[in-house]
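*Asks:* Let's see this in three dimensions:
(one chain, ligands or ions: 1)
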Amino acid sequence: MLYLVILTCVLALSSANPCGGSHGELLLSLNKNLLRSLENQEGLPNPSVHLALRLSDYHNLAKESQHLNKLKSSLHNDLQSSLSNSHSVVGLLALYALALKSSCYDLNTITFTVGEKSETLLTHLKKQMEQEKEHIAFSQRPLTNYYQYSLGVLALCVSGIRVNNHVTNKLIKAVEHQHFKHGDTESIDTYAMAGMALQCVKDSGSHVQNAAELDTAVSNIKAKLLAARRADGHIGNEFSTGLAVQALLAMGSEVSMCAPSMEAMRTAANSNTYSNPMAVSQILPALHLKSYLTLRTKDCLNEDDTLVLDPVSPVVVLPSEISVPVTVEVVMSSGTAALYSVDVAKGSFLLEALTLLKEKNVGFTFEVESSLWGPFLSAVNGEQARQRDRRYWSLSSDGTALSQGVGDFKVETPQSITIKNTSY
Ligand code: B12
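*Replies:* This is a model prediction of the structure:
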């Protein structure tokens, strides 16, 4: 009897709020962190952060509008120069379009001029997608990657542009042949982005030629995401779960199906896993039960305007007095390896450890490039790992790939880090 009463209560609670009760405080604090990140933004304004702020239920409309202006100036200029130099920037163009759409900004008024010809953002995006498609036809992979290719399809589709059947077909084929890789493992982030893109095309009803193949691809992605759910609820890893939940919601999954993954994200958020604004920008829409697909119908009417930032007193973090040994093995493209070691204060970022090592003048050097996720390791000991050669410096610790980059990975225990020039 008691068992029945408890069961009824649990069921009643879970059906009232299938994703696990009221977590307003956590949502609000993540939302504020993201808003605050606008103030500390180095480099280009981040369209993914804008998107997440706009998909939230709480807003600071003045700060959001300021950020929109920054996107329209700094990010726009950066894209203009990339397009003038014929660089492939399909992912960033798509994120820019999605960010503008999230603010209900008229996309037809945004233009870029290349070789004296002025064309709209969406026309440029369409053209870049054509180039990506040609590259896939020629060499079985996009110029950039399938994550950005999916972002391109998604941005065109939510903006009401009919996506060329051949472009969609290439994505369908890539799902079929399981071409979505991130290093040695499957890229759950890419499956999620492709899922949202293909669901959008499916809903638009424009892909009539191969409708059955499209349906199969969407179902396969859904199955892939559910199969990638770990015992702790994360899908893929902590950083792909947000996009995976967004995709599952977009593909019509019951909200209750996402409950373990929602709980996993909340647990991770409570233990400060999501310190990088880019990470927060991908989980926050999911925690609000939204996906990038909801942009299709966003009208920006009657929005809340209550999000305010409390003043923060600067916190001085003293370096720990405990020092931790770090060994760094560098494996060059030729296979030759070199070993270095350095002691760092416990809790240092890997970037700080590498900087100390460089300053020791023992032959170790490195360079980073900035990206939306922070510093991307681009050169080590004078050797570049160029994306155009399909190479990168992979990071692992005791044989396991790191799930964070040099700017976020904290050294808490003795580490043997391997930095290897790897092809992908
Ligand atoms: C494609 C991809 C890659 C490709 C990028 C090259 C290419 N042209 O395909 C490769 C395989 C090189 C790669 C490498 C790594 N990646 Co990666 N990558 C992605 C993915 C799937 C898409 C990125 C993208 O194109 N975004 C769209 C464009 C518009 O944004 P962008 O910022 O301009 O994109 C560039 C940067 O993101 C950069 N990049 C890619 N990965 C990473 C990781 C870090 C830490 C940084 C700073 C930059 C960076 O390359 C992109 C293309 O130029 C994301 C998934 C996601 N959820 O975002 C993961 C993702 C960003 N990567 C991740 C990780 C962990 C890595 C590695 C650290 C893995 C490792 N152990 O070696 C390395 C980076 C090491 C280094 N040298 O600093 C994590 C980051 C999580 C975090 N908290 O930081 C993500 C979120 C995947 C995940 N769920 O774990 N990655």
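
*Asks:* How many neighbouring residues does the closest residue in space to Leu121 that isn't next to it in sequence have?
*Replies:* Leaving aside its chain neighbours, Leu121 sits nearest to Ile110 (4.3 Å; criterion: CB to CB, 6 or more residues apart in numbering). Glycine gets a C-beta too; all of them are placed from N, C-alpha and C. Burial measure for Ile110: 17 neighbouring residues, criterion other CB atoms under 10 Å.

*Asks:* what about Val326, how many neighbours?
*Replies:* Using other CB under 10 Å, Val326 is surrounded by 23 other residues.

*Asks:* Can you verify it is assigned to a strand?
*Replies:* Yes: the assignment for Val326 (DSSP: H, G, I helix; E, B strand; the rest coil) places it in a strand.

*Asks:* where in the stretch 1-150 of the chain is pLDDT low?
*Replies:* Across the stretch 1-150 of the chain, residues meeting the criterion (pLDDT under 70) sit at 1-22.

*Asks:* mind checking the SS state of the residue of the stretch 301-424 of the chain found nearest the ligand?
*Replies:* Per CB to the nearest ligand atom, Gly405 is where the stretch 301-424 of the chain lies closest to the ligand, at 2.3 Å. When classified by three-state DSSP, Gly405 comes out as coil.

*Asks:* swap in Ala379?
*Replies:* Classification of Ala379 into helix, strand or coil gives strand, according to three-state DSSP.

*Asks:* isn't it right up against Arg386?
*Replies:* No: Ala379 sits out of contact with Arg386 when judged by CB atoms under 8 Å, with a separation of 9.3 Å.

*Asks:* more neighbours, those two?
*Replies:* A count of neighbours by other CB under 10 Å puts Ala379 above the other of Ala379 and Arg386, at 16 against 11.

*Asks:* how close does that one get to Ser291?
*Replies:* Between Ala379 and Ser291 the distance, using CB to CB, to the nearest Å, works out to 37 Å.

*Asks:* got it, and Leu284?
*Replies:* 12 Å.

*Asks:* ok, back up a step: confirm for me that the residue of the stretch 301-424 of the chain closest to the ligand is in contact with Leu372.
*Replies:* No: in terms of CB under 8 Å, Gly405 does not count as a neighbour of Leu372; the distance is 11.4 Å.

*Asks:* Now do the contacts for the residue nearest to Leu121.
*Replies:* By CB atoms under 8 Å, 6 or more residues apart in numbering, the residues touching Ile110 are Lys72, His76, Leu100, Thr120, Leu121.

*Asks:* Likewise for Ile283?
*Replies:* The contact partners of Ile283, taken as CB under 8 Å, 6+ apart, are Leu30, Thr241, Gly242, Met265, Ala269, Tyr274.

*Asks:* Ser423 too?
*Replies:* Asp389, Arg390, Arg391.

*Asks:* For the residue nearest the centre of the chain, give me the pLDDT.
*Replies:* What sits nearest the mean C-alpha location of the chain, by CA atoms, centre = their mean, is Gln282, with 5.7 Å. The predicted structure scores Gln282 at 98 on the pLDDT scale.

*Asks:* try the one 4 residues further on
*Replies:* The pLDDT attached to Ala286 in the predicted structure is 97.

*Asks:* Make residue 1 into 16 and carry on from there
*Replies:* Noted, 16 is the first residue going forward, which turns the last one into Ala301.

*Asks:* Just confirm yes or no for the strand or helix carrying it near the ligand.
*Replies:* In this structure, Ala301 sits in helix 292-302 according to DSSP states H and E. Yes: Helix 292-302 comes into contact with the ligand when judged by CB under 6 Å from any ligand atom, the residues involved being Ala294, Gln297.

*Asks:* gap between that helix and the chain center?
*Replies:* Computed by CA atoms, centre = their mean, to the nearest Å, the chain-centroid distance of helix 292-302 equals 8 Å.

*Asks:* Repeat that for stretch 378-394.
*Replies:* Stretch 378-394 has its C-alpha centroid displaced from the chain centroid by 18 Å (CA atoms, centre = their mean).

*Asks:* Please apply the same query to stretch 424-437.
*Replies:* Taking CA atoms, centre = their mean, one finds stretch 424-437 lying 22 Å from the centre of the chain it belongs to.

*Asks:* what residues does the stretch 116-265 of the chain put near the ligand?
*Replies:* Contact residues, the stretch 116-265 of the chain versus the ligand (CB under 6 Å from any ligand atom): 159-160, 162-163, 197-198, 202, 204-205, 251-252, 254-255, 258.

*Asks:* Can you select the buried ones from the residues you listed in ChimeraX?
*Replies:* The ChimeraX command for the buried members of those (criterion: 16 or more other CB atoms under 10 Å) is given here:
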select :159,160,162,163,197,202,204,205,251,252,254,255,258
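
*Asks:* Among the contacts of Ile125, name the buried ones.
*Replies:* Among the contacts of Ile125, those scoring as buried are Lys87, His91, Leu115, Leu136 (criterion: 16+ other CB under 10 Å).

*Asks:* What is the nearest of those residues to Glu145?
*Replies:* Among the buried ones among the contacts of Ile125, Leu136 lies closest to Glu145 (CB to CB), at 15.2 Å.

*Asks:* How about Glu201: what's its closest non-neighbour residue?
*Replies:* Taking CB to CB, 6+ apart as the measure, Glu201 lies nearest to Phe195, with 6.2 Å between them; neighbours along the chain are not counted.

*Asks:* Any buried residues in the longest helix along the chain, and which?
*Replies:* Counting residues, the longest helix in the chain under DSSP state H turns out to be helix 136-154. For helix 136-154, the buried set under the neighbour-count rule, 16+ other CB under 10 Å, comprises Leu136, Leu137, His139, Leu140, Lys141, Gln143, Met144, Glu147, Lys148, His150, Ile151.

*Asks:* Isn't the fifth one up against Ser174?
*Replies:* Okay, so that is Lys141. No: taking contacts as CB under 8 Å, Lys141 lies outside contact range of Ser174: 10.4 Å.

*Asks:* For the stretch 66-215 of the chain, which segments count as helices?
*Replies:* Using DSSP state H, counting those that start in this stretch, the helices of the stretch 66-215 of the chain run over 76-85, 91-99, 105-117, 136-154, 161-173, 180-191, 203-219.
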